[in-house]
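> Got a predicted structure here, sequence first:
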Amino acid sequence: TQLLEQSPQFLSIQEGENLTVYCNSSSVFSSLQWYRQEPGEGPVLLVTVVTGGEVKKLKRLTFQFGDARKDSSLHITAAQPGDTGLYLCAVRSGTYKYIFGTGTRLKVLA
Amino acid sequence: ETGVTQSPTHLIKTRGQQVTLRCSSQSGHNTVSWYQQALGQGPQFIFQYYREEENGRGNFPPRFSGLQFPNYSSELNVNALELDDSALYLCASSLDFRGVDTQYFGPGTRLTVL
């Protein structure tokens, strides 16, 4: 059983469209991170959310942490080909271990 | 400031062989974590080193072992390779594991076991 379930698994959209991807769990977390991983690269941290209901914006990306701190969403407005990549959510388990979700693979077509 | 680097980029081995992967952490970072990322999956935590000591371990067998050196660079060793060990191996360094700290990932080593 995956601690973090991400949906959808795959998403292919046209440039300019909006999209939302989700990260869900039955557990409560003190914080949650979102990463983007491009082919041939390691994941790069986009944002950390720590407060239930928190909304953070990074240019065209909007991140929300659920009120109960069990889930999170990432919304991209007017997607561009440069947004293509694998989007991963992750939580810290204990003092040293990070657990990653299964990922959403996004392809934005020009 | 140099980022996290890993070597080699790609590696092909056969079942039963042993492999050593290397990671140079970002300058000033004393914590290194290793992850295995199978195709189509998120990274899975293997173990973490802090100041040359193993700090914690995920659900991986003892044939996965590691080292961290005084300059905080690190090695991942895998003995008795199995086909399922084929994956992208990522290392990530952070300033200090004790805080809520950013992990900086290297580009990974792609291991193929035939």
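Perfect, thanks for sending it.

> Smallest gap between chain B and chain A, at which residue?
Residue nearest to chain A within chain B: residue B:105 (2.8 Å; CB to the nearest CB). The way it works is simple: take the backbone N, C-alpha and C, and place the C-beta from them, glycine included.

> where in chain B is pLDDT low?
Residue ranges of chain B with pLDDT under 70: B:1-2, B:97-101.

> If you drop the residues flanking it in sequence, what lies closest to residue 74?
Going with chain A. The shortest distance from residue A:74 to any residue that is not its chain neighbour, by CB to CB, 6 or more residues apart in numbering or on different chains, is 5.1 Å, and that residue is residue A:21.

> hmm, I had chain B in mind actually
If you skip the residues right next to it in sequence, residue B:74 has residue B:32 as its closest partner in space, 4.3 Å away by CB to CB, 6+ apart.

> hey, C-alpha coordinates of the strand or helix carrying that neighbour in PDB?
Under the criterion of DSSP states H and E, residue B:32 resides in strand B:31-37. These are the backbone C-alpha positions of strand B:31-37, laid out as PDB (Å, rounded to 0.1, in the frame of the first residue of the first chain):
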ATOM      1  CA  THR B  31      24.000  14.700   5.100                       C
ATOM      2  CA  VAL B  32      23.600  12.400   2.200                       C
ATOM      3  CA  SER B  33      20.600  10.200   1.400                       C
ATOM      4  CA  TRP B  34      20.400   7.600  -1.300                       C
ATOM      5  CA  TYR B  35      17.300   6.600  -3.200                       C
ATOM      6  CA  GLN B  36      16.300   4.000  -5.700                       C
ATOM      7  CA  GLN B  37      13.900   5.000  -8.500                       C
END
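
> Work out the gap between it and the centre of the chain.
Distance of strand B:31-37 from its chain centroid, counting by CA atoms, centre = their mean, to the nearest Å, is 4 Å.

> re the thing from before, in the sheet, who's paired with the residue nearest to residue B:74?
Residues in a beta bridge with residue B:32, per DSSP bridges, are residue B:49, residue B:93.

> how about low-confidence regions in chain A?
By pLDDT under 70, the weakly predicted segments of chain A are A:1-2.

> what ranges do the strands span in it?
Using DSSP state E, the strands assigned to chain A run over residues A:5-7, A:10-14, A:19-24, A:32-37, A:44-49, A:55-58, A:61-65, A:71-76, A:85-93, A:97-100, A:104-109.

> hmm, back to that, now the residue of chain B closest to chain A: closest residue in space, sequence neighbours ignored.
Leaving out its chain neighbours, residue B:105 is closest to residue A:42 (CB to CB, 6+ apart), at 2.8 Å.

> For the one you found, give me its contacts.
Residues in contact with residue A:42 (CB atoms under 8 Å, 6 or more residues apart in numbering or on different chains) are B:4, B:90, B:92, B:105, B:106, B:107, B:108.

> quick one: which of these has the most company?
If you count neighbours using other CB atoms under 10 Å in any protein chain shown, the busiest of the contacts of residue A:42 is residue B:90, which has 28 neighbours.
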